[in-house]
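Asks: Predicted model follows, preceded by the sequence.
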Amino acid sequence: MVNKIIGTFFSRLLAMLVMLIVVIINTNTFGASGTGTIGLFILGLTILQILANFIGGATIVYLIPRRNNFQILALSYGWAIFVNLIGVYFLHIFNLIPQHFTIELLILSLISSFFFIHISIMQGKEDIKRFNIYQISQLLLLIFTYVFILLIFKKIGKIPQVHHYIYVFILSYFLPLLVSFRYIFKNITGISFQGISSLLVEMGKLGFWVQLANFAQLMNYRLSYYFIEWYAGRQPLGLFELGTKLSEVVWIFPKSISLVQYAHISNNQEKSYAKQFTLSLFKIVFIFSLLAVLLLIAIPEHWIAAIFGAEFSQSRSVILRLAPGIVFLSCLSILAHYFSGYGKYWINTLSSLLGFIFTLTLGLIFIPQASLKGTLPTIECAAIINSISYFVSFLFTFIYFIFHTRSRYNDFLLSKKDIYLFKNEILHTFILKLKKSK
């Protein structure tokens, strides 16, 4: 389990580094408008992937050791094809994606859906090393191919366009997908359709609450993208996209720590231990997130302009207004994984839906008004709404946690016991396993 956590941590760290490099390249190459187009395209892809995971994703990992592998693969493939075709159609007719990239989105979403099905099967078979290799290979292929293409364009004296980045993105999933078919053909046996309908129902039940929570949370994060696009345009969206991406760098530590927490609670259902462990992590993550956010907002405006382009200096205003929400959401990840460890996914779903309602309501009321005043008021308003939404989601889960665990005020004060628990349960185990893996 810890090896899996370590691999996931480094995969996320690498993903974050690749994302930052790609964002720097894109902002300097395509400007705010092109960055906004890419952000909208990736948002469409993310929505489709969440829908595809209603029959797939974590459900595959759980069922692979327990059910007919061929049927799991067949149902996952069938659902991915169906939901991507239908999903792209609705995203297109409701103008929720860049209209001239509809076909590219469909191709990428199908390829990435199949890719994630394959690596989920690897994870379900506990082939964690191969699982991590495929994830890392996709990231490395993306960045190296993209840099290579940019160097070619520079040499021939031409300027790359947004669609060139999208083609590289497609290629970075397509090649690992092709290679992964060898693993699938070798490891998927037992071709049979008997009982496949009951398996479909089971996969749907297992995936529904988890993916509903993920979808609602995604709307918390990204619904403002659509409001900005509709009322202010693609250029302000690009500025908001950069501010959002930079703010979310803070999440890599809380999300990685929450994986350790989830594993501990899932394998140790003793309630007093789970409560104490969660409270300790909550306090550690709060302090880390607060310090990280303070460092982030201390970055001068001219630094952002120098790194990402002069056009993006206003993105600092987004970071400032997202900062409180980032801290709330970091702490929420710890509370949410406490309930996930006990299988209480519905609490996280309600929390996400509540935040989504606030984002939707406040966005419809205030962003149209802010857009009349200009670009800066629009993106600042959207950032404030996101922070409010994050706070509402956090507050709901926080209050429920207090009543569920009967926590008191003193429980949330940092103590030596918290430092000791964090050091021995997280850092010691992490470093020990890391040394053994070398």
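Replies: Ah, there it is.
Asks: and Asn214, what helix or strand is that in?
Replies: helix 196-231 (DSSP states H and E).
Asks: helices or strands up against that helix?
Replies: For helix 196-231, the elements it packs on are helix 2-52, helix 58-63, helix 69-93, helix 234-247, helix 345-371, helix 375-405, judged by 3 or more Cβ pairs under 8 Å, 6 or more residues apart in numbering; DSSP states H and E. Backbone N, C-alpha and C define where each C-beta goes, glycine included.
Asks: and Tyr273, which of those helices is closest to it?
Replies: Ranking the helices and strands packed on helix 196-231 by proximity to Tyr273 (Cβ to Cβ) places helix 375-405 first, at 11.6 Å.
Asks: and that closest one, what does it pack onto?
Replies: Against helix 375-405 (3+ Cβ pairs under 8 Å, 6+ apart) you get helix 196-231, helix 234-247, helix 271-297, helix 315-341, helix 345-371.
Asks: Highest mean neighbour count out of the helices and strands packed on helix 196-231?
Replies: Counting by mean count of other Cβ atoms under 10 Å, helix 234-247 has the highest mean neighbour count of these, with a mean of 25.
Asks: which ones are touching Gln71?
Replies: 192-193, 195-196, 199 (Cβ atoms under 8 Å, 6 or more residues apart in numbering).
Asks: a markdown table please, covering these and showing neighbour count.
Replies: Listed next are the contacts of Gln71 as a markdown table, based on neighbours: other Cβ atoms under 10 Å:
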| residue | neighbour count |
| --- | --- |
| Ser192 | 11 |
| Phe193 | 11 |
| Gly195 | 12 |
| Ile196 | 16 |
| Leu199 | 19 |
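Asks: Low-confidence stretches in the stretch 101-250 of the chain?
Replies: For the stretch 101-250 of the chain, applying pLDDT under 70 flags the ranges 126.
Asks: change it to 90
Replies: For the stretch 101-250 of the chain, the stretches flagged by pLDDT under 90 are 120-133, 135-136, 159, 185-221, 245-250.
Asks: got it, and the stretch 301-438 of the chain?
Replies: The stretch 301-438 of the chain contains residues with pLDDT under 90 at 333, 336-349, 352, 404-438.
Asks: and stretch 48-60, what's its mean pLDDT?
Replies: Averaged over stretch 48-60, pLDDT sits at 86.
Asks: Contacts for it next, please.
Replies: 72, 75-76, 79-80, 83-84, 87-88, 91, 105, 109, 112-113, 116-117, 120-121, 123-124, 200, 203-204, 206-208, 210-211, 214-215, 218.
Asks: Quick one: closest of the helices and strands packed on helix 196-231 to Ile136.
Replies: Ile136 sits nearest to helix 2-52 of all these, at 6.1 Å, using Cβ to Cβ.
Asks: so Pro160 sits right up against Ile152, yeah?
Replies: No: counting by Cβ atoms under 8 Å, Ile152 is not a contact partner of Pro160; they are 9.1 Å apart.
Asks: So for those two, which sits in the more crowded spot?
Replies: Between Pro160 and Ile152, counted using other Cβ atoms under 10 Å, the more crowded position is Pro160 (19 against 11).
Asks: sec struct for that one, please.
Replies: For Pro160, the assignment made with DSSP: H, G, I helix; E, B strand; the rest coil gives coil.
Asks: What about His302, how many residues nearby?
Replies: By the criterion of other Cβ under 10 Å, His302 has 11 neighbours.
Asks: again, but for the one 3 residues further on
Replies: Neighbour count for Ala305, taken as other Cβ under 10 Å: 16.
Asks: so what are the domain limits for the chain?
Replies: 1-194, 206-438 (automatic domain parsing).
Asks: what's around Val201, how many residues?
Replies: Neighbours of Val201 (other Cβ under 10 Å): 9.
Asks: Can you tell me how far it is from Ile152?
Replies: The gap separating Val201 from Ile152 is 51 Å, by Cβ to Cβ, to the nearest Å.
Asks: and if you look at Ile307?
Replies: 24 Å.
Asks: what does Ala382 give?
Replies: 37 Å.
Asks: Same question for Phe101.
Replies: 22 Å.
Asks: With Tyr345 instead?
Replies: Applying Cβ to Cβ, the value for Tyr345 to Ile152 is 47 Å.
Asks: Leu295 now?
Replies: Per Cβ to Cβ, Leu295 is found 37 Å from Ile152.
Asks: now swap in Asn69 and tell me
Replies: Noted for Asn69: a distance of 42 Å to Ile152, by Cβ to Cβ.
Asks: Also Ile304?
Replies: From Ile304 across to Ile152, the span is 29 Å (Cβ to Cβ).
Asks: and if you look at Leu362?
Replies: To Ile152, Leu362 is 46 Å away according to Cβ to Cβ.
Asks: Over to Leu237?
Replies: 29 Å.
Asks: picking that back up, can you check which of the helices and strands packed on helix 196-231 gets nearest to Arg130?
Replies: Closest among those, using Cβ to Cβ: helix 2-52, at 10.4 Å.
Asks: now that closest one: how far from the chain's centre is it?
Replies: 9 Å (Cα atoms, centre = their mean, to the nearest Å).
Asks: got the angle between that helix and helix 234-247?
Replies: Relative orientation of helix 2-52 versus helix 234-247 (axes from the mean of the first three to the mean of the last three Cα atoms, to 10 degrees): 160 degrees.
Asks: Just want the angle from helix 2-52 to helix 375-405.
Replies: Angle, helix 2-52 to helix 375-405, by the same axes, to 10 degrees: 120 degrees.
Asks: ok and helix 2-52 relative to helix 69-93, angle-wise?
Replies: With the same axes, to 10 degrees applied, the angle from helix 2-52 to helix 69-93 works out at 50 degrees.
Asks: For the closest residue to Met19 other than its chain neighbours, give its distance to Ile55.
Replies: Spatially, and ignoring its direct neighbours in sequence, Met19 is nearest to Lys245 (6.8 Å; Cβ to Cβ, 6 or more residues apart in numbering). Counting by Cβ to Cβ, the gap from Lys245 to Ile55 is 30 Å.
Asks: repeat for Pro98
Replies: Here the criterion is Cβ to Cβ. By it, Pro98 lies 27 Å from Ile55.
Asks: Equivalent analysis for Thr244, please.
Replies: From Thr244 to Ile55 the distance is 29 Å (Cβ to Cβ).
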